[in-house]
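Engineer: give the three-dimensional model of this entry:
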Amino acid sequence: MLQIDNLTKYYGDYQALKGIDLTVDQGEVFCLLGQNGAGKSTTINLALGFLSPSSGRVLVNGVEVKPGDDRTRRMMAYIPEVVMLYGKLTAIENLDYFSRLAGFRYGRKELEALLLEADLQEGAFDRYVGSFSKGMRQKVGIAIAVGKNAGVLLMDEPTSGLDPRATEEFSLLVRQLSQRGRAILIATHDIFNAVSIGTRIGIMRSGELLHVQPASEVSAESLLKLYLETV
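Structural biologist: Below you'll find the model as predicted:
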């Protein structure tokens, strides 16, 4: 569903990405590990069409991603480290607003069902999002992605700053989304969570994707060792 072919990106003379190749298939969770500056976020931003590549291309369901092209934007959803929501709107109101922007009009019951599916407690539906914890905001972000009916989800450090319970709840939601056929690319520093939820795991360094292997073939300890040897 997501295909990245020989992707490079220059900022002036600095080469941020050096010919990245990867695919994320339906039902797969690809976890991208690497230190700050390795190129993870640049890869995500290029995949979303926020940036233009210097060379190479990104395809979503066979359609090339280009800045400003709504065809691919409708197929994707983005969950950043901090989900940007309107603090003076409730969870229901935020979900309704962003769903309408994506072209979907849901009734109250349908909006509630989306929030419940994202594991947000019913008592929080009509609370202002400005009072929400990061974990609660992430759940609203998941509900927005599901409501948008996006087949490809891109996430940038989604568990950063979450406590262990919130991290586990978020990981469970990611597993459920993959089981429903979403293709998910996650940029993360969290090695243990990558092993827990990933289908495949890649390690980046200095704009290169150096290692890719099935998560089922590594333990957290062996992956940590490989990561430290790589970066």
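Engineer: and the closest residue to Gly103 other than its chain neighbours, how many residues sit next to it?
Structural biologist: When the adjacent residues along the chain are set aside, Gly103 lies closest to Arg74, with 7.5 Å between them (Cβ to Cβ, 6 or more residues apart in numbering). Quick note: C-beta positions are derived from backbone N, CA and C, even for glycine. When neighbours are defined as other Cβ atoms under 10 Å, Arg74 has 15 of them.
Engineer: Leu101 is in contact with Arg74, correct?
Structural biologist: No: counting by Cβ atoms under 8 Å, Leu101 is not a contact partner of Arg74; they are 10.7 Å apart.
Engineer: can you pull up the most central residue in this structure?
Structural biologist: Geometric centre of the chain, nearest residue: Met155, 1.7 Å, by Cα atoms, centre = their mean.
Engineer: what residues of stretch 188-206 count as buried?
Structural biologist: If you call a residue buried by 16 or more other Cβ atoms under 10 Å, then stretch 188-206 has these buried ones: 188, 190-191, 193-205.
Engineer: among those residues, which ones are in helices?
Structural biologist: Residues of these located in helices (DSSP state H): Ile191, Asn193, Ala194, Val195, Ser196, Ile197.
Engineer: residues in contact with Ser52?
Structural biologist: Contacts here follow Cβ atoms under 8 Å, 6 or more residues apart in numbering; on that basis Ser52 touches Leu46, Lys66, Pro67.
Engineer: what's near enough to touch the last one?
Structural biologist: Read it as Pro67. For Pro67, the residues meeting the contact criterion (Cβ under 8 Å, 6+ apart) are Gly49, Phe50, Leu51, Ser52.
Engineer: weed out the non-buried ones from these.
Structural biologist: Members of these that pass the buried threshold by neighbour count (16+ other Cβ under 10 Å) are listed as Gly49, Leu51.
Engineer: out of the contacts of Pro67, which is nearest to Tyr128?
Structural biologist: Among the contacts of Pro67, Phe50 lies closest to Tyr128 (Cβ to Cβ), at 28.4 Å.
Engineer: how about the closest one: what's its closest non-neighbour residue?
Structural biologist: Beyond its immediate neighbours in the sequence, the residue positioned closest to Phe50 (Cβ to Cβ, 6+ apart) is Pro67, lying 7.1 Å away.
Engineer: what does Lys66 give?
Structural biologist: Spatial nearest neighbour of Lys66, chain neighbours left out: Gly49 (6.2 Å); criterion: Cβ to Cβ, 6+ apart.
Engineer: so that neighbour versus Val63, what's the distance?
Structural biologist: Computed as Cβ to Cβ, to the nearest Å, the Gly49 to Val63 distance reads 11 Å.
Engineer: anything in contact with each of those two?
Structural biologist: In the contact map built from Cβ under 8 Å, 6+ apart, the residues linked to both Gly49 and Val63 are Asp69, Thr72.
Engineer: which non-adjacent residue is nearest Leu46?
Structural biologist: With Cβ to Cβ, 6+ apart as the measure, Pro53 is the residue that lies nearest to Leu46, at 5.4 Å, once sequence neighbours are left out.
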